[in-house]
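Asks: Sequence and predicted structure are below.
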Amino acid sequence: MRKLSLFLVVVMLVIVFTAGCVQKADAPTDEANASQQEDVIKIGVFEPLTGANAAGGALEKEGLELANELYPEVLGKKVKLVFVDNKSDKVEAANAATKLIDQEKVSLIIGSWGSGFSISAGEVIKKSDRKVAAIGTSCTNPLVTKGNDYYFRVCFIDPFQGNVMANYAYNEVGAKKVAFIIEKTNDYAVGLAKFFEDTFKELTGDENSVVYKAFYNTGDQDFTAQLTSIKESGAEAIFAPGNFTESALVTKQAKELGLDLPILGGDTWETPEFIEIAGEAAEGVVFSTFFDANAKLTDNTTKFLDAYKQKYNKEPAAVTALAFDAYLLAIDAIKKANSTDPTAIRDALAKTKDFPGAAGVVTLDENGDAIKSAVIKTVKDGKFTYLTTVEPVKK
Amino acid sequence: MKKNNILTLISIIGFILLLLVLNITLGSYKMRIFNLCGIYVILALSLNLINGFVGLFSLGHAGFMAVGAYTCALLTMSPETKEMNFFLEPIVPWLKNVQLPFPTALIIGGIMAAIAGALIGAPVLRLRDDYLAIATLGFSEIIRVVFTNTQRITNGPLGIKGLPTIGITGQSWEIVIWTWGIALFTIIFMVLLINSSYGKAFKAIREDEIAAEAMGINLFKHKMIAFVIGSFFAGIGGALLGHLMGTIDPLMFRFLLTFNIVLIVVLGGIGSITGSVISAIVVTISMEALRILDADMQIGGYIVKGIPGMRMVVFSALLMIVILFYQRGLMGTNEFNWDWIINRKKKIQKI
């Protein structure tokens, strides 16, 4: 019996290993790589490649690999991306970042999907002796860059997005009173709602312009109680920041209750699942996001779109474009610093101005946050459709 | 003094010296993993006291860790850092200007976790087996939800960052002294506790509750003692983890964290202090060491493409092997002792 179970376990292990695609090595290039170890610039990437947020991590990995293929060299040296998994876990994210800095000796770090992991890595960078700058891809929590001189990001942050949507609600929808339905357990949703509220109150000049605030937890299924209250509150629009699954259910149940108000949201909604779950009810919802294929933002947008379609044969997600931009920005900073020294790269990165990325023109402000345009989209005939581009407020 | 005690003392001093040497020789990455090992030793031992020695199947560990971590973090952070963190809604005034030295805050963190343990223990320790597991699991989820919603105390889902480094002076050598120092203290405390009359009562309760009660052991009192001590050390462990990372948020203290610690305890042997220590170290190090499996590997001219998550597969397979061949964990209920080593040595010398 013991022998049998040992045998079964060994068989399992062998199957698992052979299932991993075994390829014939390109022996010459590999040897060449080994001999030219000095001529490689390492960029470390930590992403949730496994665990709860693996889907997000995989999308960003695509963008990074694509960018690496298009721009494989800088300063005459080959760029090597070192991927480490953070297992969608904060402790692992800190370990992964330490490994990149201390073991792999990377010149720069890119990552990650999810603000919590980025904050965790940011603390490691701040406290380490070898201060390596990091570029965040789609971490929108303001805390990521706040009080940390070594963290930058290519996406805009929650305050700007909340601002954009509040302006849209006031100017385009013409709403004077709004109601919120917020995913309470999500840092992103809570932040977005707060900044929407601030801007909207300023625009209307009415302290009571947010007539009702409803909350729910991640994983909730039934929102009829909250929606009924919103119906009675006299709101003219609903702002519903949150995860796409729950938000889709909110949208669907609102229509079922005969609540015929415009529903506004954030960038998390831009997934096929949102339309799938909400069905017909998704028609007409409006949300802000980073990027759209139809909003030809820069020359790099076209380049990115063509290359992406050729390689993966599908429409790219916004986060993929952001990861692409993070790589481009990294290469640009190394070029400007004209060295692989982390501190020089950091200083060059901090000076980034009007950089034409695939997902818009990036200028980094004093906090290291990107000031860039946002795209507003709607759902029309079961498809995400481009509405307009909102330019950032230049200070 | 007995010979064995002298040996123990010498090895403890040797170990502390080794820590200081390691801090210089190992890089920051390896040192970080080593510190994590120490913290997991504390957490595993605290859970083993509840699960292994008293036989209460508790799944509420992440909750106690969260209480300890948040208490300690909010007490050690400077008012400026707090202001930076609480940008959405300001922190409650009575917490804003509190700043205590790390050791005091750590102990208060542990005490708060112990109080939480006493509060939850009083009603649920009357339950048994799976019912207790579910009640404690529910409790730890409640703590997480409460922390998510008390925006003005915990900063809600945004989490807090900028926790000061472990220790008083902020030097790197201090971190390892604190993590492993407390781990050593926990080990010694647990050994003394288990060998005391309380420990014998704990084991009696684990083996047969009715028989233990018939022998005059106050079931509820002993269960409460174990539960409160376990929560105290869980709180300390949580606080150390938070300060090692420099940031905490409610999502960190999910059920998955409890599961990790249960895994360490089961793997080491339910009811073995030595087992918990060994397996805490082995599990923490191997999770990092197996990272090589995620990357591309070259085996004799062939490149095996790295698959993210491969290390988890291999890790699970290793777990299966251990559980298949050592049903009671690596150590069962055995403990390390000097006599065994000395006898072994004598035997080898005879041969």
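Replies: Cool, the structure landed.
Asks: if I look at residue B:350, how far off is residue B:42?
Replies: 40 Å (C-beta to C-beta, to the nearest Å). To be clear about C-beta, it is placed using only N, CA and C from the backbone, and glycine gets the same treatment.
Asks: and what of residue A:232?
Replies: 52 Å.
Asks: likewise residue A:369?
Replies: Counting by C-beta to C-beta - residue A:369 and residue B:42 are separated by 38 Å.
Asks: number of nearby residues for the closest residue to residue A:190 other than its chain neighbours?
Replies: Closest residue to residue A:190 apart from its sequence neighbours, by C-beta to C-beta, 6 or more residues apart in numbering or on different chains: residue B:157 at 5.8 Å. Residues lying near residue B:157 (other C-beta atoms under 10 Å in any protein chain shown) number 25.
Asks: what do you get for the one 5 residues further on?
Replies: Around residue B:162 there are 22 other residues, counting by other C-beta under 10 Å.
Asks: for it, what are its contacts?
Replies: A:123, A:147, B:77, B:81, B:84-85, B:246-247 (C-beta atoms under 8 Å, 6 or more residues apart in numbering or on different chains).
Asks: Please repeat the previous calculation with a cut-off of 6 Å.
Replies: Applying C-beta atoms under 6 Å, 6 or more residues apart in numbering or on different chains, we find residue B:162 in contact with residue B:81.
Asks: So residue A:326 sits against residue A:110, correct?
Replies: Yes: Residue A:326 is in contact with residue A:110 according to C-beta atoms under 6 Å; the separation is 4.8 Å.
Asks: residues contacting residue 238?
Replies: If you meant another chain, say so; for now it's chain A. Residue A:238 neighbours (C-beta under 6 Å, 6+ apart): A:179, A:261, A:263.
Asks: could you do chain B instead?
Replies: B:65, B:68-69.
Asks: again with residue A:242
Replies: Contacts of residue A:242 (C-beta under 6 Å, 6+ apart): A:183, A:189.
Asks: Quick check: which element contains the residue nearest to the spatial centre of chain B?
Replies: Central residue of chain B (C-alpha atoms, centre = their mean): residue B:43, 1.1 Å from the mean position. Using DSSP states H and E, the element containing residue B:43 is helix B:28-48.
Asks: before we move on, back to that, overlap in contacts, residue A:326 and residue A:110.
Replies: What both residue A:326 and residue A:110 touch, as defined by C-beta under 6 Å, 6+ apart, is the set residue A:135.
Asks: returning to that earlier point: who wins on neighbours among the contacts of residue B:238?
Replies: Neighbour-wise, those (other C-beta under 10 Å) top out at residue B:65, 34 neighbours.
Asks: And that one, how close does it get to chain A?
Replies: Taking C-beta to the nearest C-beta, to the nearest Å as the measure, residue B:65 falls 12 Å from chain A.
Asks: Before we move on, what's the pLDDT of the nearest residue to that residue once chain neighbours are set aside?
Replies: Leaving aside its sequence neighbours, residue B:65 sits nearest to residue B:238 (C-beta to C-beta, 6+ apart; 2.9 Å). pLDDT recorded at residue B:238 is 96.
Asks: Report the separation between residue B:238 and chain A.
Replies: 12 Å.
Asks: helix, strand or coil for the spatially most central residue of chain A?
Replies: Centroid-nearest residue in chain A, with C-alpha atoms, centre = their mean: residue A:138, separated by 2.3 Å. Of the three states, residue A:138 takes coil under DSSP: H, G, I helix; E, B strand; the rest coil.
Asks: still on that earlier bit, could I have the helix holding residue B:43 exported to PDB, CA atoms only?
Replies: In PDB, the C-alpha atoms belonging to helix B:28-48 read as follows (Å, rounded to 0.1, in the frame of the first residue of the first chain):
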ATOM      1  CA  SER B  28      18.600  41.200   3.200                       C
ATOM      2  CA  TYR B  29      16.500  38.800   1.200                       C
ATOM      3  CA  LYS B  30      17.600  35.700   3.200                       C
ATOM      4  CA  MET B  31      17.400  37.600   6.400                       C
ATOM      5  CA  ARG B  32      13.900  38.600   5.700                       C
ATOM      6  CA  ILE B  33      12.900  34.900   5.100                       C
ATOM      7  CA  PHE B  34      14.800  34.000   8.300                       C
ATOM      8  CA  ASN B  35      12.800  36.700  10.300                       C
ATOM      9  CA  LEU B  36       9.600  35.400   8.800                       C
ATOM     10  CA  CYS B  37      10.500  31.900  10.000                       C
ATOM     11  CA  GLY B  38      10.800  33.300  13.600                       C
ATOM     12  CA  ILE B  39       7.400  34.900  13.300                       C
ATOM     13  CA  TYR B  40       5.800  31.700  12.000                       C
ATOM     14  CA  VAL B  41       7.400  29.700  14.800                       C
ATOM     15  CA  ILE B  42       5.500  32.000  17.300                       C
ATOM     16  CA  LEU B  43       2.300  31.700  15.400                       C
ATOM     17  CA  ALA B  44       2.500  28.000  14.900                       C
ATOM     18  CA  LEU B  45       3.300  27.400  18.600                       C
ATOM     19  CA  SER B  46       0.400  29.600  19.700                       C
ATOM     20  CA  LEU B  47      -2.000  27.600  17.500                       C
ATOM     21  CA  ASN B  48      -0.500  24.300  18.500                       C
END
